[in-house]
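Participant: Need a 3D model of the sequence below.
(chains A, B and C)
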Amino acid sequence: MNVQFGWGTFEDGWRKGPWTPQEDKLLIDHVNLHGEGRWNSVSKLTGLRRSGKSCRLRWVNYLRPDLKRGKITPQEENIILELHARWGNRWSTIARSLPGRTDNEIKNYWRTHFKKGKTSKNVERARARFLKQQQEQQQQQQQQQEFVLQVQVDQEQQQQVQQQVLHQYNCYDQQTNEVQHVGEQDIDEMIMAYMYPNMSSSMTSMSDGSSEDIGSSLGNFWNLDDVVQQHDQVLYFY
DNA sequence: AACGAACGCAACCGCATGCGA
DNA sequence: ATCGCATGCGGTTGCGTTCGT
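Facilitator: Reported below is the predicted structural model:
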């Protein structure tokens, strides 16, 4: 049974073809009231003569409020190319990386812009870019591991130097073998004096503004946990 | 201006999958 | 375990619009 009805047709009791604004409104009101899902019950509850499948498709691909309208941007195109190089025709998977875009939209875009034989060079470029990106990620991971290792080594060196300085300046209590009360600033100055014996004492003093940078940078230098944390944060943005 | 080709997009179809009875 | 229903997914189709000749 196939009956002509305006633009659309009736088939087995279901209306087919383009949706009218009235139908859209019925469906939007229904979803606002009951939420998404249970698409087969939409026709019973709203009187819409549309199958559940048709309702779901109309909502997902056209009526959803979070859909992004307008053309695919060059950035989105890059993402599509790269994800297609990775996933192939898994449109819904690709669509998850493009908020506001539907699998149908991406599929259509691909078919019209990058259909095989049409712009295969673009596809090849995307593949190459994907492989390069993978290599860069591996390099980054390696660098991060090396950095963490280096920081661990630095921390050990720091402790060694600190111990040497404390010995040098007789900061250990002879009886308890514990470090006598020494201010952090004092330790910094002792370390500076220990490492740079030729530097004038005024340079290591915290009394004037010019040396504050040295003191504060020293403080930062020894705060390696922060350094690691900052490094991780920087890497996170990649 | 008219016509056909190409394009863009909404919608449909068939199959796969998930899930509850 | 299996059956049926609901939903999701990828491929395909159909039609309006745009572009080139």
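
Participant: Quick one: low-confidence residue ranges for chain A.
Facilitator: Low-confidence regions of chain A, defined here as pLDDT under 70, cover residues A:1-12, A:115-138, A:147-148, A:151-158, A:161-162, A:165-238.

Participant: Let's see that with 90 instead.
Facilitator: Counting by pLDDT under 90, chain A contains low-confidence ranges at A:1-26, A:29-53, A:56-58, A:60-238.

Participant: Contact residues of it facing DNA strand B?
Facilitator: Those residues of chain A that sit near DNA strand B, judged by Cβ under 7 Å from any atom of the strand, are A:8, A:11, A:15-19, A:53-54, A:57-58, A:61-62, A:71, A:104-105, A:107-109, A:111-113. Yep, even glycine has a C-beta here, placed from its N, CA and C like the rest.

Participant: Quick check: residues of chain A near DNA strand C?
Facilitator: If contact is defined as Cβ under 7 Å from any atom of the strand, the residues of chain A in contact with DNA strand C are A:7, A:37-40, A:52-53, A:56, A:60, A:89-93, A:103-104, A:107-108, A:111.

Participant: Return the members of these classed as buried.
Facilitator: A:39, A:56, A:91, A:103 (16 or more other Cβ atoms under 10 Å).

Participant: Spit out the contact partners of the nearest residue to the last one once chain neighbours are set aside.
Facilitator: Translated: A:Asp103. Take A:Asp103 and drop its neighbours on the chain: the residue closest to it by Cβ to Cβ, 6 or more residues apart in numbering is A:Trp91, 3.8 Å away. With contacts defined as Cβ atoms under 8 Å, 6 or more residues apart in numbering, the neighbours of A:Trp91 are A:103-104, A:106-107, A:110.

Participant: how about 7 Å then?
Facilitator: Applying Cβ atoms under 7 Å, 6 or more residues apart in numbering, one finds that A:Trp91 lies in contact with A:103, A:106-107.

Participant: Would you agree A:Asp66 falls within a strand?
Facilitator: No - per DSSP: H, G, I helix; E, B strand; the rest coil, A:Asp66 lies outside any strand segment and is coil.

Participant: thinking it is in contact with A:Gly100, fair?
Facilitator: Yes - here A:Asp66 reaches A:Gly100: they are 5.9 Å apart, a contact under Cβ atoms under 7 Å.
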